[in-house]
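Trainee: Give me the fold of what follows.
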Amino acid sequence: MNPKLNKFDPAVDKKFLIVLSGILWSIVGIALCNLAVSWLSETTARTAVWLGTAGTVLSLLIHHFGFLKLVDSNIERILSKKSKVCIFAFQPWKSYLIILIMICMGIFLRHSSLPKPYLAVIYIGFGGAMLLSSFRYHRNFFKLMFKP
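Mentor: Predicted structure coming up:
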């Protein structure tokens, strides 16, 4: 990179990238779950419990079989980088396209004719999985902070 442009490089310590990832995954997970709970509050208590339980089971499956592998590969990729890294490197560049597609799908689903209580199952599934998976980022951050 041109030395004159180096001062504009938003480089941060890789520990910051790990904590940033954890915070973002937590915020998005909470936001999705919050939206889902608001939809479930418009149904009967019995329906809300059943759909909430289905969403919780889905979140455990997505967390275990999908997001943990993604989080582990992100952490490994971040830790393999030099000490100062561009702040946007908390996700690989191809993941930004996937994130954009998921946002568009979420907007499409929210504006579709699907009943919101049933849509809440999907939102709890992905939101809960993101929140659970964010703890892996947080745990790794604290390991790095208190490493002798």
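Trainee: residue boundaries of the strands in this protein?
Mentor: 11-13, 84-86 (DSSP state E).
Trainee: now those strands as JSON lines including distance to S38?
Mentor: In this view, the C-beta of every residue, glycine as well, is placed from N, C-alpha and C. Formatted as JSON lines, the strands of the chain follow (distance: least, C-beta to C-beta, whole Å):
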{"stretch": "strand 11-13", "distance to S38": "35"}
{"stretch": "strand 84-86", "distance to S38": "36"}
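Trainee: so which of these gets nearest I30?
Mentor: Closest approach to I30 among those (C-beta to C-beta): strand 11-13, 23.6 Å.
Trainee: JSON lines please, covering the strands of the chain and showing mean pLDDT.
Mentor: Supplementary listing: the strands of the chain in JSON lines, determined by pLDDT from 0 to 100:
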{"stretch": "strand 11-13", "mean pLDDT": "79"}
{"stretch": "strand 84-86", "mean pLDDT": "78"}
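Trainee: Identify all contacting residues around stretch 77-86.
Mentor: In this structure, residues lying in contact with stretch 77-86 by C-beta atoms under 8 Å, 6 or more residues apart in numbering are D9, P10, A11, V12, D13, K14, L17, I18, S21, A89, F90, P92.
Trainee: CA-only coordinates of that stretch in PDB, if you can.
Mentor: The C-alpha trace of stretch 77-86 is given here as PDB (Å, rounded to 0.1, in the frame of the first residue of the first chain):
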ATOM      1  CA  ARG A  77      -8.700 -16.800   9.900                       C
ATOM      2  CA  ILE A  78      -8.500 -13.700  12.200                       C
ATOM      3  CA  LEU A  79      -5.900 -15.200  14.500                       C
ATOM      4  CA  SER A  80      -3.700 -16.200  11.500                       C
ATOM      5  CA  LYS A  81      -3.500 -12.500  10.300                       C
ATOM      6  CA  LYS A  82      -0.800 -10.100  11.300                       C
ATOM      7  CA  SER A  83      -1.300  -8.100  14.500                       C
ATOM      8  CA  LYS A  84      -3.000  -5.000  12.800                       C
ATOM      9  CA  VAL A  85      -5.800  -5.900  10.400                       C
ATOM     10  CA  CYS A  86      -8.400  -3.800   8.500                       C
END
